[in-house]
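A.B. asks: kindly return the folded structure for what I paste below:
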Amino acid sequence: MPGIQFGGHTLKSHGTKVARVHLHDWIILLLLVLIDAGLNLIEPFHRYVGPEMMTDLKYPLKIPDTIPFWAVPIFAIIVPCTIFLIYYLIRRDVYDLHHATLGILFSILVTAVITDSIKDAVGRPRPDFFWRCFPDGVPVFKKGIGDVLCSGDQSIIKEGYKSFPSGHTSWSFAGLGFLSWYLCGKIKAFDQRGHVAKLCLVILPLLVAALIGISRVDDYWHHWTDVFAGALIGSVVCSLCYLQFFPFPHGINGGATHTFLRLLEENGSKNSTNIEMDHMRNHVTATPESRSQDLDAMENGRRY
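C.D. replies: You can find the predicted model right below:
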């Protein structure tokens, strides 16, 4: 982002300090990990599945699936964080690196907890449920109530009741959607100069997330409504998490953190449209030590 300089705030000089200020956030992230792990251990609700309902649940059981679950964090977390790190190596702004990393992890984990909670509560059968429940192809139902009496592997059956919403899709949109927001701010995609190439770059992560979701339908692991709901959950959560740390990307400083923008406001910037020029003048008159102290104070909440 031309015109904005953050010299003096590196991982070495301020990394530990920034992480300490946000220690409670990192603790909450750990709690979210534990909660989601617990949600994956409990048995989901076993929704009633009668003989007449099997018509739409007889799609082939495809194992392994096209995009295994272990590949989703690579697309949704590792790739975005790599881009965050590259930007840090260029601009040396530890606040941007920390807030972007913290934001995307919150986006992923909040989405995971929401998704898995709904999965366990709804218990919707997957499109391939018949072959999960009856691997020999012989359906058996309980007398009287007509519910399924499954004979397959218990872990496969358990996963068969977790169709809604799609976890692959929600995770993908939570991570890649956050990356799309991030790129919007950094490359100034909405600077009203008509550079469509920027828009293509911003849409690319969303396209990848959409293709991951489509693969879940193609593999018969999800109904299309599962994928749509997962995309909606991931998109909403990533937007909320991004806006916790960064402003809307349409402004002239849309890629800066809230901490930096508050510092500029505190330093007497009167015209938001000329905020970059104000910051350049501040850097002419202020020492790196004074700028460091100001940002540290802002981050610790002492200048509100």
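A.B. asks: for residue 87, what are its contacts?
C.D. replies: Residues in contact with residue 87 (CB atoms under 8 Å, 6 or more residues apart in numbering) are 93, 96-97, 186. Any C-beta I mention is one placed from the backbone N, CA and C, and that applies to glycine too.
A.B. asks: how close does it get to residue 188?
C.D. replies: Per CB to CB, to the nearest Å, residue 87 is found 14 Å from residue 188.
A.B. asks: now swap in residue 214 and tell me
C.D. replies: Residue 214 sits at a distance of 30 Å from residue 188 (criterion: CB to CB).
A.B. asks: check residue 113 too.
C.D. replies: The gap separating residue 113 from residue 188 is 33 Å, by CB to CB.
A.B. asks: returning to that earlier point: which of residue 214 and residue 188 has more neighbours?
C.D. replies: The residue with more neighbours, out of residue 214 and residue 188, is residue 188; 20 against 15, by other CB atoms under 10 Å.
A.B. asks: what residues are up against that one?
C.D. replies: When contacts are counted by CB under 8 Å, 6+ apart, residue 188 touches 1, 198, 249, 252, 254-255.
A.B. asks: let's see the ChimeraX selection covering just the buried ones among those.
C.D. replies: Selection of buried members from those for ChimeraX, criterion 16 or more other CB atoms under 10 Å:
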select :1,198,249,252,254,255
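A.B. asks: residues near residue 73, how many?
C.D. replies: Neighbourhood size, residue 73 [other CB under 10 Å]: 13.
A.B. asks: OK, contacts around it?
C.D. replies: When contacts are counted by CB under 8 Å, 6+ apart, residue 73 touches 108, 171.
A.B. asks: any idea how far residue 252 is from it?
C.D. replies: Per CB to CB, residue 73 is found 34 Å from residue 252.
A.B. asks: cool, residue 194 as well?
C.D. replies: Relative to residue 252, residue 194 is positioned 17 Å away (CB to CB).
A.B. asks: mind checking the longest helix of this structure?
C.D. replies: For the chain, the longest helix by residue count, based on DSSP state H, is helix 94-122.
A.B. asks: buried residues in that one, which are they?
C.D. replies: For helix 94-122, the neighbour count (16+ other CB under 10 Å) marks 94-116, 118-120, 122 as buried.
A.B. asks: could you list the low-pLDDT ranges of this structure?
C.D. replies: Scanning the chain with the threshold set as pLDDT under 70 gives 1-15, 266-304.
A.B. asks: name the helix or strand for the most centrally placed residue in it, please.
C.D. replies: Nearest to the mean C-alpha position of the chain, by CA atoms, centre = their mean, lies residue 174 at 2.5 Å. In this structure, residue 174 sits in helix 167-186 according to DSSP states H and E.
A.B. asks: C-terminal to that helix, what's the next element?
C.D. replies: Next helix or strand after helix 167-186 toward the C-terminus (DSSP H and E): helix 196-218.
A.B. asks: hmm, who's touching that next one?
C.D. replies: The contact list for helix 196-218, computed with CB under 8 Å, 6+ apart, reads 65-67, 72, 75-76, 80, 166, 168-169, 172-173, 175-177, 179-180, 183-184, 187-189, 222-224, 226-227, 230-231, 234.
A.B. asks: just the buried ones out of the residues you listed, please.
C.D. replies: Buried members of these, counted by 16+ other CB under 10 Å: 67, 72, 75-76, 80, 166, 168-169, 172-173, 175-177, 179-180, 183-184, 187-189, 222-223, 226-227, 230-231, 234.
A.B. asks: farthest pair in the contacts of residue 87?
C.D. replies: Within those, 97 and 186 form the most distant pair, 12.3 Å apart (CB to CB).
A.B. asks: all helices of the stretch 201-304 of the chain, in order?
C.D. replies: For the stretch 201-304 of the chain, the helices defined by DSSP state H, counting those that start in this stretch cover 224-245, 258-266, 275-285, 288-299.
A.B. asks: ok, now the stretch 1-150 of the chain?
C.D. replies: Taking DSSP H, counting those that start in this stretch to define them, one finds helices in the stretch 1-150 of the chain at 16-21, 23-41, 72-73, 79-91, 94-122, 129-133.
A.B. asks: possible to save the ones you listed as CSV with distance to residue 52?
C.D. replies: Output for these, formatted as CSV (distance: least, CB to CB, whole Å):
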stretch, distance to residue 52
helix 16-21, 56
helix 23-41, 31
helix 72-73, 35
helix 79-91, 44
helix 94-122, 20
helix 129-133, 13
